[in-house]
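Chemist: Got a sequence here, can you model it:
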Amino acid sequence: MPEPMLKVENLHVHYGNIHALKGLSIEVEEGEIVSLIGANGAGKTTLLTTIMNQVTPTEGEVTFLGLSTRGKTPAAIVQAGMTMVPEGRRVFPRTSVIDNMRLGGYFRKDKAEMKRDMEKLFSMFPRLFERKNQLAGTLSGGEQQMLAIARALMSRPRLLLLDEPSMGLAPIIVDQVFDTIRSINEEGTTVMLVEQNANQALRIASRGYVIETGEVVLADDADKLLSNTQVKEAYLGG
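Modeler: Below is the predicted model:
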């Protein structure tokens, strides 16, 4: 069996006396959408920030494409092919849409390819093309989420980590975001999705993990998690 694209083994993270991740292990295979679901404070965001080496684990190992991420800066991890869209979007509000996108490809030297990628992303997100010279801070929440995803894709990631992409968005916009995530995956980008909207997240995923208080308590194919009684009662509204 080939190595998984991303492998997280026995990860422990402490914030002072708080044990945020407790021996957590997950895997993501190339081509998948893997959804992580769980309540607020379960450790989902901590997991993503640790994978990106924004947080240093007290124990455990993260490997991406067979290589340990230990000691690598977040910038080096992006250059290696993994990037994250953070919770809350975090676009650069006083910078134009097009310059936000250019910043996503900051490490790239292939200017002609970057231009082609930008044109492709503008066709995927026509609203961003209409507002390409507008300051990102003046966009709606849904538009900012699309911009955050487009900016991340400008780095040409092989693995895209998404942290709560539907948070604070109107239902019709949430549907568009999940359709976009599916399209990105169909075009060849592997996706790991942290999302409180468990119903939507599992419907587009191939597999899922349920995280509670820093531990994986369930792992299965997404359709089996959708029909699991415990998951239904806790995360899908019964």
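
Chemist: What average pLDDT does stretch 86-101 get?
Modeler: Stretch 86-101 comes out with an average pLDDT of 90.

Chemist: give the contact list for the residue nearest to the spatial centre of the chain.
Modeler: Against the mean C-alpha coordinate of the chain, by CA atoms, centre = their mean, the closest residue is L162 at 1.7 Å. Each residue near L162 by CB atoms under 8 Å, 6 or more residues apart in numbering is listed here: M84, V85, I149, I181, V191, M192, L193, V194, E195. Placement of C-beta: from N, CA and C, glycine included.

Chemist: what's the nearest residue to the first one if we skip its chain neighbours?
Modeler: Okay, so that is M84. Once its chain neighbours are removed from consideration, M84 has its nearest residue in L161; the separation is 4.0 Å (CB to CB, 6 or more residues apart in numbering).

Chemist: and the one you found, how many neighbours does it have?
Modeler: For L161, the number of neighbouring residues by other CB atoms under 10 Å comes to 24.

Chemist: circling back: will you turn the contacts of L162 into JSON lines that also has distance to P157 and neighbour count?
Modeler: Formatted as JSON lines, the contacts of L162 follow (distance: CB to CB, whole Å; neighbours: other CB atoms under 10 Å):
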{"residue": "M84", "distance to P157": "9", "neighbour count": "23"}
{"residue": "V85", "distance to P157": "10", "neighbour count": "25"}
{"residue": "I149", "distance to P157": "11", "neighbour count": "23"}
{"residue": "I181", "distance to P157": "13", "neighbour count": "26"}
{"residue": "V191", "distance to P157": "9", "neighbour count": "22"}
{"residue": "M192", "distance to P157": "11", "neighbour count": "26"}
{"residue": "L193", "distance to P157": "14", "neighbour count": "28"}
{"residue": "V194", "distance to P157": "16", "neighbour count": "25"}
{"residue": "E195", "distance to P157": "18", "neighbour count": "27"}
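
Chemist: can I get the residues you listed in JSON lines with distance to F125 and secondary structure?
Modeler: As requested, those are exported to JSON lines (distance: CB to CB, whole Å; DSSP: H, G, I helix; E, B strand; the rest coil):
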{"residue": "M84", "distance to F125": "19", "secondary structure": "strand"}
{"residue": "V85", "distance to F125": "13", "secondary structure": "strand"}
{"residue": "I149", "distance to F125": "8", "secondary structure": "helix"}
{"residue": "I181", "distance to F125": "13", "secondary structure": "helix"}
{"residue": "V191", "distance to F125": "17", "secondary structure": "strand"}
{"residue": "M192", "distance to F125": "21", "secondary structure": "strand"}
{"residue": "L193", "distance to F125": "18", "secondary structure": "strand"}
{"residue": "V194", "distance to F125": "22", "secondary structure": "strand"}
{"residue": "E195", "distance to F125": "20", "secondary structure": "coil"}
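
Chemist: Can you give the strand pairings for the helix or strand where the residue nearest to the centre of the chain lies, parallel or anti for each?
Modeler: Per DSSP states H and E, L162 falls inside strand 159-163. Looking at strand 159-163 with DSSP bridges, its partner strands are strand 82-85 (parallel), strand 190-194 (parallel).

Chemist: A helix includes R116, no?
Modeler: Yes: following the definition DSSP: H, G, I helix; E, B strand; the rest coil, R116 is counted among the residues of a helix.

Chemist: State the distance from it to G105.
Modeler: In this structure, R116 lies at 11 Å from G105, with CB to CB, to the nearest Å as the measure.

Chemist: where along this protein do the helices fall?
Modeler: For the chain, the helices defined by DSSP state H occupy 44-51, 74-80, 97-104, 111-124, 126-130, 141-153, 171-186, 198-204, 222-227, 229-235.
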